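>>> With the input below, show me the fold.
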Amino acid sequence: MDVRTFTVGPVQENCHFARRDGAREAIVIDPGDEPERILGAIDALGLTVEAILLTHTHFDHVGAVAPVARATGAPVWCPEIEVPVLADIMSYVPWPGFGPFESYDADHTVTGGERLELAGLDIDVLFTPGHSPGHVTYGAREAATGGDGVAYGGGGTPAAIDAGAGGARKAGGGGGIHLFSGDVLFQGSIGRTDLPGGDAPTLMRSIATLLETFPDETAVYPGHMGNTTLGRERQSNPFLTELTRH
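Below is the predicted model:
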């Protein structure tokens, strides 16, 4: 799978493009800001966007949804609990000075447990609340590799990062699952829980589910900071000490 990561906006949010190796069809995960830059990268890469997937609806993850959806014609998949936030983004921005962002009415909703087939990818939706009430994580792999359910083995470790269109970080290779974790798990950190709807014990249960479900080599593409793997975080993330203690 070919994954490109674009860090956008003042909060340095990661917007990801994912596609089968060599394919034109792609999905976009969490277009948070700078829609012109995101659309320019889509054009430069020659992509056809089949879907826009949202892990959650904090403003830094959805600020560019409306213009990107309008320009590409791609439907938007949103956590069901958080549809009202996407439909009225500015009412939920907690601090002054951000925006304005255009709201959007979701085309489809997810709650966790769904299997989506988009752009030649099999995508499992996992309910991972704690950072926000409806937060989901998307586990994607190339459809041609087969497999049932979410307990995939195999590769998936991010390859070396290089420069891509629009300043993207590129990660590719590996036949295993690729997790788009939003603001649940980061490289060396975890999602904050001090925003409305956040809950620390719930977040830790969500992270524990990811660690128990997927192998260490599973690639993780978070909503902020660098890409990582579950094994790296299991070994070195100081916030996971209680989860990984034997």
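
>>> What pLDDT is listed against the residue most central in space within the chain?
Central residue of the chain (C-alpha atoms, centre = their mean): Phe180, 3.6 Å from the mean position. pLDDT, Phe180: 98.

>>> I figured it hits Leu53, correct?
Yes. If you go by C-beta atoms under 8 Å, Phe180 and Leu53 touch, sitting 7.3 Å apart. All C-beta spots, glycine's among them, are computed from the backbone N, C-alpha and C.

>>> shared neighbours of these two, anything?
Ile29, Asp30, Tyr138 (C-beta atoms under 8 Å, 6 or more residues apart in numbering).

>>> Low-confidence stretches in this protein?
Across the chain, the ranges flagged by pLDDT under 70 are 144-175, 244-246.

>>> Need the contact partners of the helix ranked longest in the chain.
Counting residues, the longest helix found in the chain (DSSP state H) is helix 200-213. For helix 200-213, the external contacting residues (C-beta under 8 Å, 6+ apart) are 126-131, 135, 137, 150-151, 179, 181, 184-185, 190-191, 193, 230, 234, 240, 242-244.

>>> Among those, name the ones in strands.
Under the assignment DSSP state E, the contacts of helix 200-213 contribute Leu126, Phe127, Thr137, Leu179, Ser181, Leu185, Ile190 to strands.

>>> Pull the contacting residues for the third one.
Taking C-beta under 8 Å, 6+ apart, we find Thr137 in contact with Thr55, Val125, Leu126, Thr128, Leu179, Phe180, Ser181, Gly182, Val184, Ser206, Leu210.

>>> and it, how far is that from Pro222?
Noted for Thr137: a distance of 10 Å to Pro222, by C-beta to C-beta, to the nearest Å.

>>> Give the residues shared as contacts by the two.
Ser181, Gly182, Val184.

>>> any chance of these in TSV, plus distance to Ala44?
Shown next, in TSV, are the shared contacts of Thr137 and Pro222 (distance: C-beta to C-beta, whole Å):
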residue	distance to Ala44
Ser181	26
Gly182	25
Val184	30
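
>>> Including neighbour count, could these go into CSV?
Shown next, in CSV, are the shared contacts of Thr137 and Pro222 (neighbours: other C-beta atoms under 10 Å):
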residue, neighbour count
Ser181, 29
Gly182, 30
Val184, 28
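
>>> what number of residues lie near Ser236?
12 (other C-beta atoms under 10 Å).

>>> nope, Met1 is what I was after
Residues near Met1, counting by other C-beta under 10 Å: 24.

>>> from what I can see it touches His16, true?
No. Using C-beta under 8 Å, Met1 makes no contact with His16, being 10.9 Å away.

>>> what ranges do the helices span in the protein?
Along the chain, counting by DSSP H, helices occupy 35-45, 59-62, 65-72, 83-86, 200-213, 230-236, 241-244.

>>> Go through these and pick out the most buried.
helix 59-62 (a mean of 25; mean count of other C-beta atoms under 10 Å).

>>> Output it in CSV with nothing but the alpha carbons.
Taking Å, rounded to 0.1, in the frame of the first residue of the first chain, the C-alpha atoms of helix 59-62 are listed here in CSV:
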residue,chain,number,x,y,z
PHE,A,59,-11.7,21.1,13.9
ASP,A,60,-8.1,20.3,13.1
HIS,A,61,-9.2,17.0,11.4
VAL,A,62,-12.2,18.3,9.4
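
>>> what's near enough to touch Glu13?
Applying C-beta under 8 Å, 6+ apart, we find Glu13 in contact with Thr7, Asp30, Gly32, Asp33, Asp60, His61, Gly223, His224.
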